[in-house]
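Asker: Quick check, what structure comes out for this input:
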Amino acid sequence: MFEPEVFYQTFLEMSKKPLWAGFAPLETPLLVWEGTRTYAFGHPNPPAPFEPEWDWHVMDGRAETIIGNSTGTLEFLPAATVMAQGLDNHTAAALAIHEAFHVYQGMQYPRWSANELEVFDYPMLDIDLLAMRRLETRALSRAIAQQDLGWVRAALKARASRFAKLEERHKRFERELERLEGSAYFVEARAKEESFELSEEDFAPEQIRFRAYRTGRAWLELLTRFAPQALKELNNEYPDNLLKPIAKTAPERPLTFSILEFERERARQDIETLKANREALRAEFFDGFGFLLEIKSQTPLQPQGFDPMNMQALEQGEVLHNRYLRLGDQLGSLEVLDAPSLTFGAANPMHINQVYVKLANAPSVNRTGDLQVQHEHFKLVWKQAKLELLDRAMRITLS
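Answerer: Below you'll find the predicted structure:
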């Protein structure tokens, strides 16, 4: 249960710890949505409908800038945003540290940026690439567990072999995620005083982003242990590259051929499972709903916002968004929050021609002027749009 006094006191205590050189969490305003109200901590002048309450401000409902555990703005000030429903106060406070660090990154390290769109055509179904990725994780896990530079060297060698088969943009995507999200996870763990282990088992084929949190933290833990002076170079270089000069002097730890064959067979099985899961997810989306919206656009739309931790690329240009999606162009915008949506782009999954949204019940419609469709979990405002009502469904055609 969220308790503002306990949460903020915990956040204050965590902020006193040595988290990252130059990072001062108290300089970042916090916006916390706990399911019914939004709390603003550390903001000099929150606008109405925020009202003062003790040492913070509060408003009924969710502030629009909060769309997830992320960053936003309030009165032109960047802020960390936290969705605290179901979280204990300690976990919510550590998460606030994580998101406050992302605000700090934006100001201190503006070059740290990952192109989230690269995940849509990342080669997740390549058996050899997945097997090689898992060899890399095995070596990195042992480097962490044994604090051994020889296993760091083995991990870097396995990564070099894998990266030789990846496109440059996909390599950059992985490394940018590791630096951006791995460092925030590293800081969050320091706030919680949490020890670190990296499983040798790696992750599911599609969990590129989640893996980067863990491997990104792993590289930083190893840098802190073996080359702490190199941390100051992170603005210009990736963590794994900063370990290369010292790792190349260590004895190499070999990964055997039998392990590679084992990982290749496991990768084959996991990729078959992923393909089956994608088909099941698509079937499940259309299998039962209270009300279905179908939105078609004559001109392809591009996402203006989405939650990369809660989406799944399917087959043939389809993407399942389980929590948040925002699309728009000069004629209007639509937003889905806390409801599943399925997008389709014939030529490119990010050039969207069709969207399906599942709702529990029918939205309200206002056809005076611009078309406006409103629901607790959906909002659309569009010029030059046609609407057709069906049985438990609505079809909207965007001109």
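Asker: Just say helix, strand or coil for the residue lying closest to Met350 once chain neighbours are set aside.
Answerer: Closest residue to Met350 apart from its sequence neighbours, by Cβ to Cβ, 6 or more residues apart in numbering: Leu117 at 5.4 Å. Heads up, the C-betas are built off the backbone N, CA and C, glycines and all. Under DSSP: H, G, I helix; E, B strand; the rest coil, the three-state class of Leu117 is helix.
Asker: neighbours around Leu117, how many?
Answerer: By other Cβ atoms under 10 Å, 16 other residues sit near Leu117.
Asker: Was I right to think it contacts Asn348?
Answerer: No - between Leu117 and Asn348 there is no contact under Cβ atoms under 8 Å: 9.3 Å.
Asker: max-length strand in this structure?
Answerer: Using DSSP state E to define each element, the chain has its longest strand at strand 291-306.
Asker: Residues touching the helix or strand just after that strand, excluding its own?
Answerer: Next helix or strand after strand 291-306 toward the C-terminus (DSSP states H and E): strand 311-313. Counting by Cβ atoms under 8 Å, 6 or more residues apart in numbering, strand 311-313 makes contact with Val119, Phe120, Met124, Glu206, Arg278, Leu281, Val319, Leu320, His321, Asn322, Arg323, Pro349, all of which sit outside it.
Asker: mind running it again at 6 Å?
Answerer: Phe120, Val319, Leu320, His321 (Cβ atoms under 6 Å, 6 or more residues apart in numbering).
Asker: and which of those is nearest Gln298?
Answerer: Val319 (20.0 Å; Cβ to Cβ).
Asker: Assign that closest one to helix, strand or coil.
Answerer: strand.
Asker: measure it to Phe196 for me?
Answerer: Using Cβ to Cβ, to the nearest Å, we find Val319 at a distance of 32 Å from Phe196.
Asker: can you check Pro254 too?
Answerer: 25 Å.
Asker: which one of those two has more residues nearby?
Answerer: When neighbours are counted by other Cβ under 10 Å, Pro254 and Phe196 differ, and Phe196 comes out ahead with 14 against 10.
Asker: Leaving out sequence neighbours, find the closest residue to the more buried one.
Answerer: Glu221 (5.7 Å).
Asker: Just give the number of residues close to that neighbour.
Answerer: 20.
Asker: Make 106 the starting number, not 1.
Answerer: That works, and once the first residue is 106, the last one we named lands at Glu326.
Asker: neighbouring contacts of the helix or strand it falls within?
Answerer: Using DSSP H and E, Glu326 sits in helix 313-331. Residues from elsewhere that reach helix 313-331 (Cβ under 6 Å, 6+ apart): 224, 227, 245, 249, 257, 282-283, 286-287, 290-291, 301, 303, 308, 335-336, 344-345, 347, 351, 413.
Asker: still on that earlier bit, show me what the longest strand of the chain is packed up against.
Answerer: Contact here means 3 or more Cβ pairs under 6 Å, 6 or more residues apart in numbering; DSSP states H and E; on that basis strand 396-411 packs against strand 429-434, strand 457-464, strand 498-503.
Asker: Could you list the residues in contact with that strand?
Answerer: For strand 396-411, contacts defined as Cβ under 6 Å, 6+ apart pick out 426, 430-433, 455-462, 464, 466-467, 497-503.
Asker: in it, what counts as buried?
Answerer: Within strand 396-411, the residues that count as buried by 16 or more other Cβ atoms under 10 Å are Phe396, Leu397, Leu398, Glu399, Ile400, Ser402, Leu406, Pro408, Phe411.
Asker: Tell me which helix or strand Ala185 sits in.
Answerer: Counting by DSSP H and E, Ala185 is part of strand 182-188.
Asker: Tell me the spacing between the residue nearest to Phe301 and Thr354.
Answerer: 20 Å.
Asker: Which strands or helices does the next helix or strand along the chain from the strand holding Ala185 pack on?
Answerer: Following strand 182-188 in sequence order, the next helix or strand is helix 194-213 (DSSP H and E). With contacts taken as 3+ Cβ pairs under 6 Å, 6+ apart, helix 194-213 sits against helix 109-120, strand 182-188, helix 273-297.
Asker: Need the residues that contact the second one.
Answerer: Surrounding strand 182-188, the residues in contact under the criterion Cβ under 6 Å, 6+ apart are 133-138, 171, 174-177, 197, 200-201, 204-205, 208.
Asker: angle of that strand against helix 109-120?
Answerer: Relative orientation of strand 182-188 and helix 109-120, computed by axes from the mean of the first three to the mean of the last three Cα atoms, to 10 degrees: 120 degrees.
Asker: partners of strand 182-188, with directions?
Answerer: Paired neighbours of strand 182-188 in the sheet (DSSP bridges): strand 135-138 (parallel), strand 175-179 (antiparallel).
Asker: Could you give the average pLDDT over it?
Answerer: The average pLDDT for strand 182-188 rounds to 96.
Asker: try the last one
Answerer: The average pLDDT within helix 273-297 is 97.
Asker: Give me the contact list for that helix.
Answerer: 119, 124-125, 199, 202-203, 206-207, 217, 219, 223, 227, 268, 317-318, 320-322, 325, 343.
Asker: list the buried ones in that helix?
Answerer: 275-276, 278-297.
Asker: next one: the shortest one
Answerer: For strand 182-188, the buried set under the neighbour-count rule, 16+ other Cβ under 10 Å, comprises Pro183, Ala184, Ala185, Thr186, Val187, Met188.
Asker: And for the first one?
Answerer: Of the residues in helix 109-120, those with enough neighbours to count as buried (16+ other Cβ under 10 Å) are Pro109, Phe112, Tyr113, Thr115, Phe116, Met119, Ser120.
Asker: Give me whichever of the strands paired with strand 182-188 is most buried.
Answerer: Mean neighbour count (mean count of other Cβ atoms under 10 Å) peaks for strand 135-138 among these, with a mean of 26.
Asker: right, and the helix or strand after that one?
Answerer: Following strand 135-138 toward the C-terminus (DSSP H and E): strand 142-146.
Asker: avg pLDDT for that next one?
Answerer: Here the average pLDDT along strand 142-146 is 97.
Asker: And it, what does it pack against?
Answerer: strand 135-138, strand 161-165.
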